[in-house]
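K.L.:
Below are the sequence and a predicted model for it; my questions follow.
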Amino acid sequence: MEEAKDRQFVTALARGVQVMRCFTAARPELGTTEIAAMTGLAQSTVWRLCHTLIGMGVLVPGRDPGRLRPGYGLLSLGYAALAKGGIAEAAQPGMQRIADRFGVQLSLATRQDDTMLIVARAEAPTILRLSFTVGATLPIATTALGWAYLAGVGAPERRAMLARLDAANRAEIEAALDHFVHHGFVMNLRRAHPDVNSIGVPVASPDGSRVMALNCGGAVSVVTPELLAGPVAEAVRALAAGLAPALDAA
């Protein structure tokens with residue numbers, strides 16, 4: 001996290017952000033001991049950071065004694081990130097059209113450390129409803145979103161990320177990347193979730209400086225590999241191509 005050679009890097013600020021990133025949709029409340037274990041920071045440092053964040057309204061007491069949760073002070077930051085004209089708003093209509101047409105679910109995500117952070121969602125009414133929401137994070141190593149992101153970034157960044165990921169996933173990631181080279185999308189069949197088939201496509205700005213990822217999937221009983229590899233992949237790839245200029249502008 002810390003850039004020892006970067007004299008402009010503010011370590012205290014970075015540590016505060018590191019604390020905030022511990023909170024997710026799956027972990028809405030945490031204690032300082034848990035935060036210290038997750039960040040690798042000293043308990044005393046975590047306590048001071050949390051004390052400061054509480055004073056700013058960014059963290060508030062949780063429902064359980066001794067636990068904290070994100071406060072409404074974060075809402076302004078979230079609204080700014082998803083403000084009018086942003087990539088999430090630009091993506092939503094096209095994502096919903098695909099969801100309704102094929103009875104699937106779509107997510108648009110950006111990288112956050114070694115996870116993918118969902119910034120937009122679209123769903124069609126289906127029997128299988130996944131608990132993914134805007135703000136949730138998914139691992140890069142085992143998901144279509146993560147594999148699509150890896151397919152979209154440059155070779156140096158891809159190599160650096162692969163070196164950090166669990167070696168046990170290396171073979172299937174390499175296979176997914178090879179599939180992308182030949183077909184223009186990655187395919188994740190029941191790997192991220194035992195009842196879900198999905199595909200992923202990178203969304204890259206024209207200059208290649210920004211990369212996000214789209215995924216699309218649904219229940220294995222309905223969303224077959226043939227459906228995904230055919231009309232669904234065609235629609236998702238077209239949407240990703242249409243979003244690329246908006247990502248560059250963002």
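P.N.:
The structure has been received and is ready for your questions. Source: prediction; values computed, not measured. Residues are numbered from 1 along each chain as shown.
K.L.:
next structured bit after the helix or strand bottoming out on mean pLDDT in the chain?
P.N.:
Evaluated with mean pLDDT, DSSP states H and E, the helix-and-strand set of the chain has its lowest mean pLDDT in helix 75-81, which scores a mean of 60. As assigned by DSSP states H and E, the chain's next helix or strand after helix 75-81 is helix 87-102.
K.L.:
Let's test this: mean pLDDT of that following helix, rounded?
P.N.:
The average pLDDT for helix 87-102 rounds to 92.
K.L.:
List the buried residues for that helix?
P.N.:
The neighbour-count criterion (16 or more other Cβ atoms under 10 Å) identifies 87-88, 90-91, 94-96, 98-99, 102 as the buried residues of helix 87-102. Yep, even glycine has a C-beta here, placed from its N, CA and C like the rest.
K.L.:
now for it, which elements pack on it?
P.N.:
When contacts are defined as 3 or more Cβ pairs under 8 Å, 6 or more residues apart in numbering; DSSP states H and E, helix 87-102 sits against strand 105-112, strand 115-123, strand 211-219, helix 233-249.
K.L.:
Throw the ones you listed into TSV and include mean neighbour count, distance to Arg67 and mean pLDDT, thanks.
P.N.:
Putting those into TSV (neighbours: other Cβ atoms under 10 Å; distance: least, Cβ to Cβ, whole Å; pLDDT from 0 to 100) gives the following:
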stretch	mean neighbour count	distance to Arg67	mean pLDDT
strand 105-112	24	23	93
strand 115-123	21	22	91
strand 211-219	26	32	95
helix 233-249	18	37	88
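K.L.:
mind giving me the domain split of the protein?
P.N.:
Listed by automatic domain parsing, the domain ranges of the chain are 11-75, 82-249.
K.L.:
Among those domains, show me which one is buried the most.
P.N.:
The densest packing among the domains of the chain, expressed as mean neighbour count by mean count of other Cβ atoms under 10 Å, is seen in domain 82-249 with a mean of 18.
K.L.:
Distance from the chain centre to it, please.
P.N.:
For domain 82-249, the distance from its own C-alpha centre to the chain's C-alpha centre is 9 Å (Cα atoms, centre = their mean, to the nearest Å).
K.L.:
who does the closest residue to Val223 other than its chain neighbours bridge with?
P.N.:
Closest residue to Val223 in three dimensions, ignoring its sequence neighbours and counting by Cβ to Cβ, 6 or more residues apart in numbering: Asn197, at 5.1 Å. In this entry, Asn197 is beta-bridged to Leu189, Gly218, by DSSP bridges.
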